[in-house]
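Colleague: Kindly return the folded structure for what I paste below:
(chains A, B, C and D)
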Protein chains: 2
Amino acid sequence: MATKATVKLADVAREAGVSKGTASNVFSRPEVVRDEVREHVLATAKAMGYGGPSVQGRLLRAGKVNAIGVAAVEPMAYFFEDPWARALMAEISAVCDASGTGMALVSAKNQQKLVWNIQSALVDGFILLCVEGGEKLVELTRERHLPFVALALGVDDKSIPTIGIDNIAGASMAARHLAELGHRRFAVLGTEFSEGGAGLLTDGQVRGATFSTSRDRAIGYWRTLAEFGVAPESVPVYETQDVASIRTAIAAIFAAAEPPTAILAMSDRVALVAMEWLAEHGLRVPEDVSIVGFDGVKEAELSEPPLTTIVQPLAEIARQAVQAILQDDVPAQRRSIPLTLAVRASTAAPRG
Amino acid sequence: MATKATVKLADVAREAGVSKGTASNVFSRPEVVRDEVREHVLATAKAMGYGGPSVQGRLLRAGKVNAIGVAAVEPMAYFFEDPWARALMAEISAVCDASGTGMALVSAKNQQKLVWNIQSALVDGFILLCVEGGEKLVELTRERHLPFVALALGVDDKSIPTIGIDNIAGASMAARHLAELGHRRFAVLGTEFSEGGAGLLTDGQVRGATFSTSRDRAIGYWRTLAEFGVAPESVPVYETQDVASIRTAIAAIFAAAEPPTAILAMSDRVALVAMEWLAEHGLRVPEDVSIVGFDGVKEAELSEPPLTTIVQPLAEIARQAVQAILQDDVPAQRRSIPLTLAVRASTAAPRG
DNA sequence: GCGATCGTTTGGATCGGTTCAAATCTATGC
DNA sequence: GCATAGATTTGAACCGATCCAAACGATCGC
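Modeller: Down below sits the predicted model:
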């Protein structure tokens, strides 16, 4: 069923015997047209099968698309499958809903398509979800000359407008919580520090990490533990990627002569996998081992026991990001939203 | 930081001393322009801060937006939170990814905004996710005169292009599976039949349901069980809404003198809640009670025990829907995709 | 030296609307 | 009866590009 020769506003106007201007008013500013005329034009339009003013035409004049694009260097399904992305998207969409703004999803497996997708997306601005490969995305977006903010950018280039969290402060809270409970033997179950890495990291590897998120969290842990007299050298940091690497890491941690009484996990995902491993190996949480996560995903509330974690204020991040785009008032540099500690049942004082 | 007076193609052309046509070619058909000229125009553009051809301008000429809209009469967060919607969106986005098509999310809490959102969405067509309130959505979409297909439309108006599943046949498979295992005492744990209802339904209420999905599944169960000599009157159908109503229903079912040996659940969600209730009340699945779900969501594979269920071919539905829109070749009427039965560990022969 | 050919460039039409100043119509006041 | 304010309508300009037929310029063959 091919689209028949499309009827345009001018056709309707001619047929109805009014000017193009009046016809336009009938649709976009009906109150200014005399009732009689309006009815007639509307009737003519319906009779001719006119589908209403074409959006693209209006757009050209108006300039505003009234939609924001959310982009990621991931397949599009990422938006619906990754827990963090999903939680964030839900918040972003709630804000967009409230302000009647549309959302467009932009993604690409390959760089080639990403370029085109970014360049041709019909949006007023972009929110960039970039866990990795973010720089290229930022660069491309910049060329569109549209407002944009990056969320969770793993690199810290001061010139990129970013809304993020203070990872050092967050990690600090997690470490302080455990230290105040009396723990003195720790291990850090980290996320990705550099492309594809995994395993125990040296001090130098931590500080020279590609991804600042992981680095900052490690630094936050170390710094605060030092205040409690725990030497950084005594707190091993394991980098992990997939589930297998997480399990390998936690196994290594508990293979030590004096295993830690508390685990600092750099993400809830990592923490949850670790808790599973612990349960399988007869170690009780929090009686034998305390564990603190990071992110505050929903699953962390529902785990057994519920996970103590540092929760990211996703709603606030989403609100600020959307506002910034809509008002074309992106932060000049990086802006941080404070994190909060949610104390649940996965932490307790160490035994003895 | 207000956007400075935007530079347009014509400005660049004038500044570079070439015609608008040539300038346009530099960007959209570079190979046709002499290297020297191209370099010069590009340089001028960069110097003037030209952001590349404006999408809206190009659009007007091209006609194709190269994006499809997905609409629902739900808040936008629905796309990221509801399990069924999410699974479907993930599939749809995978198909879009493959064909380089963009996606726009359209939604609205209130009808007022829905109208505007549908009318102003920049898309080449729509996929409608309508579990309820679908008719209004269809009507609005029709006015855009763009191709669209409805998915899972709960009403069966033959004139609406729909890609769906054969609920009767699916329910039939579920019932047959249990009957062939030897079950003869059943109860149906239903989903929503009419706006806000819950509780035991009469035959008339089932047949007069507002939502054809629930009705068809019930009919499928009854019809097939009858073939095995089980009278429909002996198979109670409970309508449910939220978790509480599901628990109430299953409690009622097992309060009977001769409780059923098998449960036919109209959705995996309902089935999973029921399994939880059964576990809490010391009834083992499948030893004491067998249960079959419907939908085939991911959670059904991971439950304990894994749930036997009728799986919806979401990937295929998504593929056909997207293809139909992109090729402007929507099915004239309803098109059904076959369902499959996934036998897992929640079903077994009845005891004794 | 001249016409044909090929690669570039040009200018104007077009996409489908919105907008606004000016023109036209209507009703009111005196 | 006529000027005047207010309500409608008109027509042309414009939004920012793409497209294409025609013009142009250089090279080539004879």
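Colleague: Just the element for A:Gly69, please.
Modeller: strand A:67-72 (DSSP states H and E).
Colleague: any bit of that strand sitting next to chain B?
Modeller: Yes - using C-beta under 8 Å from any C-beta of the partner chain, we find that strand A:67-72 touches chain B at A:Ala67. Every residue, glycine included, has its C-beta placed from N, CA and C.
Colleague: helices and strands around that strand, which ones?
Modeller: If contacts are counted by 3 or more C-beta pairs under 8 Å, 6 or more residues apart in numbering or on different chains; DSSP states H and E, strand A:67-72 sits against helix A:78-81, helix A:83-98, strand A:102-107, strand A:126-129, helix A:134-143, helix A:314-326.
Colleague: contact partners of the fifth one?
Modeller: By that I understand helix A:134-143. A:71-73, A:111, A:114-115, A:118-119, A:126, A:128, A:130, A:148, A:150, A:153-155, A:157, A:160, B:51-52 (C-beta atoms under 8 Å, 6 or more residues apart in numbering or on different chains).
Colleague: export that helix as PDB, just CAs?
Modeller: Coordinates of each C-alpha in helix A:134-143 appear next as PDB, following Å, rounded to 0.1, in the frame of the first residue of the first chain:
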ATOM      1  CA  GLY A 134      33.700   8.000  25.700                       C
ATOM      2  CA  GLU A 135      36.200  10.400  24.200                       C
ATOM      3  CA  LYS A 136      35.300   9.500  20.600                       C
ATOM      4  CA  LEU A 137      31.700   9.900  21.400                       C
ATOM      5  CA  VAL A 138      32.300  13.300  23.000                       C
ATOM      6  CA  GLU A 139      34.300  14.400  20.000                       C
ATOM      7  CA  LEU A 140      31.600  13.500  17.600                       C
ATOM      8  CA  THR A 141      28.900  15.100  19.600                       C
ATOM      9  CA  ARG A 142      30.900  18.300  19.800                       C
ATOM     10  CA  GLU A 143      30.800  18.600  16.100                       C
END
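Colleague: Give the buried residues for that helix.
Modeller: A:Gly134, A:Glu135, A:Leu137, A:Val138, A:Leu140, A:Thr141, A:Arg142 (16 or more other C-beta atoms under 10 Å in any protein chain shown).
Colleague: Next SSE downstream of that helix?
Modeller: Taking DSSP H and E, what comes next after helix A:134-143 is strand A:148-151.
Colleague: Next, give phi and psi for the residue in the stretch 151-300 of chain A positioned nearest to DNA strand C.
Modeller: Here the stretch 151-300 of chain A gets closest to DNA strand C at one residue, A:Pro161, 29.4 Å apart by C-beta to the nearest atom of the strand. A:Pro161 adopts backbone torsions of phi -60, psi 120, taken as degrees, to the nearest 10.
Colleague: Just the pLDDT for it.
Modeller: A:Pro161 carries a pLDDT value of 91.
Colleague: for the one 4 residues further on, same thing?
Modeller: At A:Ile165, the model reports a pLDDT of 91.
Colleague: any idea of the mean pLDDT in stretch A:171-187?
Modeller: Here the average pLDDT along stretch A:171-187 is 98.
Colleague: hang on, the earlier thing: and for the strand holding A:Gly69, what's in contact with it?
Modeller: Under C-beta under 8 Å, 6+ apart, the answer for strand A:67-72 is A:78-79, A:85, A:89, A:92, A:96, A:101-107, A:117-118, A:121-130, A:137, A:141, A:322, A:325-326, B:104, B:122.
Colleague: thinking A:Arg172 is in contact with A:Arg223, fair?
Modeller: Heads up, residue A:172 is Ser, not Arg. Yes - the criterion here is C-beta atoms under 8 Å, and A:Ser172 meets it with A:Arg223 at 6.6 Å.
Colleague: Between those two, point out the one with more neighbours.
Modeller: A:Ser172 (24 against 14; other C-beta atoms under 10 Å in any protein chain shown).
Colleague: gap between the two ends of stretch A:243-262?
Modeller: From its first residue to its last, stretch A:243-262 covers 20 Å (C-alpha to C-alpha, to the nearest Å).
Colleague: Flag every buried residue along it.
Modeller: For stretch A:243-262, by 16+ other C-beta under 10 Å, it's A:Ser245, A:Ile246, A:Arg247, A:Thr248, A:Ala249, A:Ile250, A:Ile253, A:Phe254, A:Pro260, A:Thr261, A:Ala262.
Colleague: ditto for stretch A:203-218
Modeller: By 16+ other C-beta under 10 Å, the buried positions in stretch A:203-218 come out as A:Gln205, A:Val206, A:Ala209, A:Phe211, A:Ser212, A:Thr213, A:Ser214, A:Arg215, A:Asp216, A:Arg217, A:Ala218.
Colleague: The residues you listed in helices, which ones?
Modeller: Residues of the buried residues of stretch A:203-218 located in helices (DSSP state H): A:Gln205, A:Val206, A:Ser212, A:Thr213, A:Ser214, A:Arg215, A:Asp216, A:Arg217, A:Ala218.
Colleague: tell me the least confident of those?
Modeller: Sorting these by pLDDT puts A:Ser212 at the bottom of the list (86).
Colleague: any idea how far DNA strand D is from that residue?
Modeller: Using C-beta to the nearest atom of the strand, to the nearest Å, A:Ser212 is found at 36 Å from DNA strand D.
Colleague: swap in A:Pro83?
Modeller: 39 Å.
Colleague: Count the residues that sit near that residue.
Modeller: A:Pro83: 15 neighbours (other C-beta under 10 Å).
Colleague: still on that earlier bit, okay, the buried residues of stretch A:243-262 in TSV with pLDDT, distance to chain B and secondary structure next?
Modeller: Listed next are the buried residues of stretch A:243-262 as TSV, based on pLDDT from 0 to 100; distance: C-beta to the nearest C-beta, whole Å; DSSP: H, G, I helix; E, B strand; the rest coil:
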residue	pLDDT	distance to chain B	secondary structure
A:Ser245	96	22	helix
A:Ile246	96	18	helix
A:Arg247	96	18	helix
A:Thr248	97	23	helix
A:Ala249	97	24	helix
A:Ile250	97	22	helix
A:Ile253	97	27	helix
A:Phe254	97	26	helix
A:Pro260	97	30	coil
A:Thr261	97	31	coil
A:Ala262	98	29	strand
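Colleague: which of those residues lies closest to DNA strand D?
Modeller: Using C-beta to the nearest atom of the strand, A:Ser245 is the member of those that lies nearest DNA strand D, at 46.9 Å.
Colleague: Thought A:Ala198 was touching that closest one, still the case?
Modeller: Yes - the criterion here is C-beta under 8 Å, and A:Ser245 meets it with A:Ala198 at 4.3 Å.
Colleague: quick one: common contacting residues for those two?
Modeller: In contact with both A:Ser245 and A:Ala198: A:Glu239, using C-beta under 8 Å, 6+ apart.
Colleague: Model confidence score at the residue of chain A found nearest DNA strand D, please.
Modeller: Residue nearest to DNA strand D within chain A: A:Gly21 (2.5 Å; C-beta to the nearest atom of the strand). On the pLDDT scale, A:Gly21 is placed at 92.
Colleague: Mind telling me what element it is part of?
Modeller: In this structure, A:Gly21 sits in helix A:20-28 according to DSSP H and E.
Colleague: Contacts only, for A:Val115.
Modeller: Counted by C-beta under 8 Å, 6+ apart, A:Val115 has contacts A:Leu140.
Colleague: For it, give its distance to DNA strand C.
Modeller: 24 Å.
Colleague: Could you find the closest non-adjacent residue to A:Phe228?
Modeller: A:Ala179 (4.1 Å; C-beta to C-beta, 6 or more residues apart in numbering or on different chains).
Colleague: give me every residue that touches that neighbour.
Modeller: A:Ala179 touches A:Thr224, A:Leu225, A:Glu227, A:Phe228, A:Val230, counting by C-beta under 8 Å, 6+ apart.
Colleague: Put together TSV for these, with neighbour count and secondary structure on each row.
Modeller: Listed next are the contacts of A:Ala179 as TSV, based on neighbours: other C-beta atoms under 10 Å in any protein chain shown; DSSP: H, G, I helix; E, B strand; the rest coil:
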residue	neighbour count	secondary structure
A:Thr224	21	helix
A:Leu225	25	helix
A:Glu227	11	helix
A:Phe228	14	coil
A:Val230	20	coil
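Colleague: Done for today, thanks.
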